[in-house]
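J.: Here is a sequence with its predicted model. Questions after.
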Amino acid sequence: MNAALPSTEPEASPQNEPDVLVCCSKVAHTYGTGVTAVEAVTDISCLVTTSTRVAITGPSGSGKSTLLHLMAGLEIATAGVMEWPGLGGRPLARPGRIGIVFQGPSLLPALDAMENVAFPLLLAGTSDLDARELALAALQRLRIADLAAKLPQELSGGQSQRVAVARVIAANPSLILADEPTGQLDHHAASLVMDLLLQAADELGAGLVVSTHDPVVAARLPEIWRMRDGRMLAPATTIPTPGGLL
Ligand SMILES: Nc1ncnc2c1ncn2[C@@H]1O[C@H](COP(=O)(O)OP(=O)(O)OP(=O)(O)O)[C@@H](O)[C@H]1O
């Protein structure tokens, strides 16, 4: 079902409805000001729920990363309204509720895989012992515990991205945002990373939003939102709200 369109299906009972994690209403984001201003996204309206499994596709520069950064709270909308009802408010005030997988190397080179997974938990105040236990559990859950003692330089690009997925799920997020997570991987490694992202989202009951250039990767998700020149071609820009349609 397209999460951004008014549903024509019978209403689910409240306890069966997925939580709305992110609501974008006519959102725009402009980088810079004056003659150097770039309107990276324009008039974006969409919903992300705990059952969302969506690929955002579009040419380079179409605004995919900017939209993910807005959802993550890493950028602030310059027009429109961003809300995170199911996350308890603006993400930066609620660290851990959103997990982000970035394109390319993101592991700290001096730490082994398990320490890399544990590191954000330590920063969030988890005790050393608990952080290590949670990190190992995340690696085990993704069946990559054999990589725990390896340094990033000893990992392939695909293995590094799988550890990056473990780092995200160790914090038990409600929303997983992955920005070109397979951009530097071959098809086999990309497929394994997508397997893990989908598995993680299902096991955590988390929403999953993946930006990608790759149509094969996009086809792994049940829903695709296409962007061009900062605008979303699909879904349509009407979203249901308690007060009516935007
Ligand atoms: N920090 C920034 N400062 C200024 N302009 C930016 C910045 N980040 C992105 N842009 C511009 O915003 C537009 C959208 O960029 P964005 O990175 O969101 O697109 P994208 O679809 O993710 O591209 P790619 O697939 O190449 O990563 C582009 O014109 C880009 O040059």
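T.: It's in.
J.: How is Ala131 assigned, secondary-structure-wise?
T.: helix (DSSP: H, G, I helix; E, B strand; the rest coil).
J.: where's it relative to Leu123, distance?
T.: 9 Å (C-beta to C-beta, to the nearest Å). Where C-beta positions appear, they are placed from N, C-alpha and C, glycine not excepted.
J.: Between the two, tell me which one has more neighbours.
T.: Ala131 (22 against 10; other C-beta atoms under 10 Å).
J.: Tell me how far the more buried one lies from the ligand.
T.: Distance of Ala131 to the ligand, computed by C-beta to the nearest ligand atom, to the nearest Å: 32 Å.
J.: Under the pLDDT cut-off, which ranges of this structure? List them.
T.: 1-17, 92-95, 234-246 (pLDDT under 70).
J.: What parts of it come near the ligand?
T.: 31-32, 38, 40, 58, 60-66, 213 (C-beta under 6 Å from any ligand atom).
J.: Tell me who's in contact with the closest residue in space to Val38 that isn't next to it in sequence.
T.: Closest residue to Val38 apart from its sequence neighbours, by C-beta to C-beta, 6 or more residues apart in numbering: Tyr31 at 4.7 Å. Residues in contact with Tyr31 (C-beta atoms under 8 Å, 6 or more residues apart in numbering) are Ala37, Val38, Ala40, Thr66.
J.: Does the most centrally placed residue in the chain belong to a helix, a strand or coil?
T.: Centroid-nearest residue in the chain: Leu177, 0.6 Å away (criterion: C-alpha atoms, centre = their mean). Following three-state DSSP, Leu177 is assigned to strand.
J.: Strands of the protein, start to end?
T.: If DSSP state E is used as the criterion, the strands of the chain fall at 20-31, 38-49, 53-57, 79-83, 98-101, 175-179, 207-211, 223-228, 231-234, 240-241, 244-245.
J.: other SSEs contacting the fifth one?
T.: Right, strand 98-101. Contacts defined by 3 or more C-beta pairs under 8 Å, 6 or more residues apart in numbering; DSSP states H and E place strand 98-101 against helix 64-72, helix 157-170, strand 175-179.
J.: Can you say which of the ones you listed is nearest to Ser106?
T.: The closest of those to Ser106 is helix 157-170. By C-beta to C-beta, the value is 5.4 Å.
J.: What angle do strand 175-179 and that closest one make with each other?
T.: If you take axes from the mean of the first three to the mean of the last three C-alpha atoms, to 10 degrees, helix 157-170 sits at 160 degrees to strand 175-179.
J.: Most neighbours of all the contacts of Tyr31, which one?
T.: Of all those, Thr66 has the most neighbours under the rule other C-beta under 10 Å, reaching 25 neighbours.
J.: tell me the contacts of Leu68?
T.: For Leu68, the contact set (C-beta under 8 Å, 6+ apart) comprises Ile56, Ile100, Leu177, Asp179, Val209, Ser211.
J.: Correct me if wrong: the second one contacts His69.
T.: No: with contact defined as C-beta atoms under 8 Å, Ile100 and His69 do not form a contacting pair (9.0 Å).
J.: okay, these two: which has more neighbours?
T.: Taking neighbours as other C-beta under 10 Å, Ile100 and His69 compare with Ile100 leading, 21 against 18.
J.: Any figure for the gap between the closest residue to the more buried one other than its chain neighbours and the ligand?
T.: In space, and not counting its chain neighbours, Ile100 is closest to Leu177: 5.0 Å by C-beta to C-beta, 6+ apart. For Leu177, the distance to the ligand equals 12 Å [C-beta to the nearest ligand atom].
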